[in-house]
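1. with the input below, show me the fold.
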Amino acid sequence: MERFPPPSRIGCLHRTEALLGAMGMARLQAANVLVVGLGAVGGACVEALARSGVGRLWVVDGDRFEETNLNRQPFAALHALGLPKVGVVRDRLRAIAPACDAQGEVLHVVPDTVADLLERAHPDAVVDAIDDVPAKLALLAACLRRGLPVWSAMGAARKIDPEALRVSDLADSQVCPLARRVRQGLRALGFERGVRCVWSREPAAPCPPGMPLGSFMPVTATAGLLLAADLMKTLIGHRNEA
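-> Next comes the predicted model:
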């Protein structure tokens, strides 16, 4: 069997640098991004960040892969069922993105663990891809208090149209019930703006009685890729305000 030499840190990012330029590439490689939640949206986001040249990723999740993850979560696989998501994702990132220093922590993020997490990770930017509203609010509020740029995933379940997704400040989101709850929660804490988020203009489909929340990978993966793109364009100074 033909053997190939291991990819170089420079060579594997050659095509990205050809588009973003040396300065843009340097900014990505200098960045340290914390990604909390490695499911359907967070998984797609973190893979794009790693492949595109973000220099350091700190990935956090407290769950294990389950069979029901296979329909949409990028790192879910038969061999990974029952394993902690963090270990699987960290090892995969190291395999596909040798220029990225991928670190991981198995942690169920709750309001009481947010401050310590941010101290340990010491990120330049944060991606919130968790579903639990109290934990989500605690993480977003902690980032805003520290002046940390933060991106957040709103509701992607029960949606079928990826073209209905938008990225904007959370204050400008519409339709999405989760976005409304998060807006109200942050407003009660004194924050009106400052969270970039991905949200959908599509009303959620009904959930039949006794069935789990339906999900569709074209929507969840697109949401994650939009978060990654907006974050990286911000890091390199190419984002148009919206």
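
2. quick one: the strands in the chain?
-> 32-36, 56-61, 101-106, 125-128, 150-153, 165-169, 195-200 (DSSP state E).

3. leaving out the residues flanking it, which one is nearest to Pro212?
-> Thr68 (7.1 Å; CB to CB, 6 or more residues apart in numbering). Heads up, the C-betas are built off the backbone N, CA and C, glycines and all.

4. tally up the residues packed near the spatially closest residue to Pro162 that is not a sequence neighbour, please.
-> Leaving out its chain neighbours, the residue that sits closest to Pro162 by CB to CB, 6+ apart is Thr222, at 3.9 Å. Number of residues near Thr222 (other CB atoms under 10 Å) recorded here: 22.

5. distance check, Thr222 against Leu178.
-> Separation of Thr222 from Leu178 (CB to CB, to the nearest Å): 17 Å.

6. with Gly53 instead?
-> Distance from Gly53 to Leu178, by CB to CB: 31 Å.

7. one more: Asn32?
-> Where Leu178 is concerned, Asn32 sits at a distance of 27 Å (CB to CB).

8. Arg201 now?
-> From Arg201 to Leu178 the distance is 14 Å (CB to CB).

9. equivalent analysis for Gly190, please.
-> 20 Å.

10. which of those two has more neighbours?
-> The residue with more neighbours, out of Gly190 and Leu178, is Leu178; 20 against 9, by other CB under 10 Å.

11. returning to what we had before: mind listing what the residue nearest to Pro162 touches?
-> Going by CB atoms under 8 Å, 6 or more residues apart in numbering, Thr222 touches Ala44, Pro162, Leu165.

12. let's go with 10 Å and repeat that
-> The neighbourhood of Thr222, defined by CB atoms under 10 Å, 6 or more residues apart in numbering, consists of Val41, Ala44, Ala156, Lys159, Asp161, Pro162, Glu163, Ala164, Leu165, Val198, Ser200, Phe216.

13. reformat those as CSV; add distance to Gly210.
-> Output for those, formatted as CSV (distance: CB to CB, whole Å):
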residue, distance to Gly210
Val41, 25
Ala44, 29
Ala156, 22
Lys159, 20
Asp161, 25
Pro162, 27
Glu163, 30
Ala164, 27
Leu165, 28
Val198, 29
Ser200, 25
Phe216, 20
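
14. which of these sits closest to Gln103?
-> Lowest distance from Gln103 to the contacts of Thr222 (CB to CB) belongs to Ala44, with 19.4 Å.

15. quick one: the nearest residue to the closest one once chain neighbours are set aside from Glu163, how far?
-> In this structure, Ala44 finds its nearest non-sequential neighbour in Gly224, 2.9 Å apart by CB to CB, 6+ apart. Noted for Gly224: a distance of 16 Å to Glu163, by CB to CB.

16. neighbour count for those two, which is higher?
-> Neighbour totals were compared for Gly224 and Glu163, and Gly224 leads with 28 against 11 (other CB under 10 Å).

17. quick one: the residue nearest to the spatial centre of the chain and Phe191, what's the gap?
-> Geometric centre of the chain, nearest residue: Gly42, 3.6 Å, by CA atoms, centre = their mean. Applying CB to CB, the value for Gly42 to Phe191 is 22 Å.
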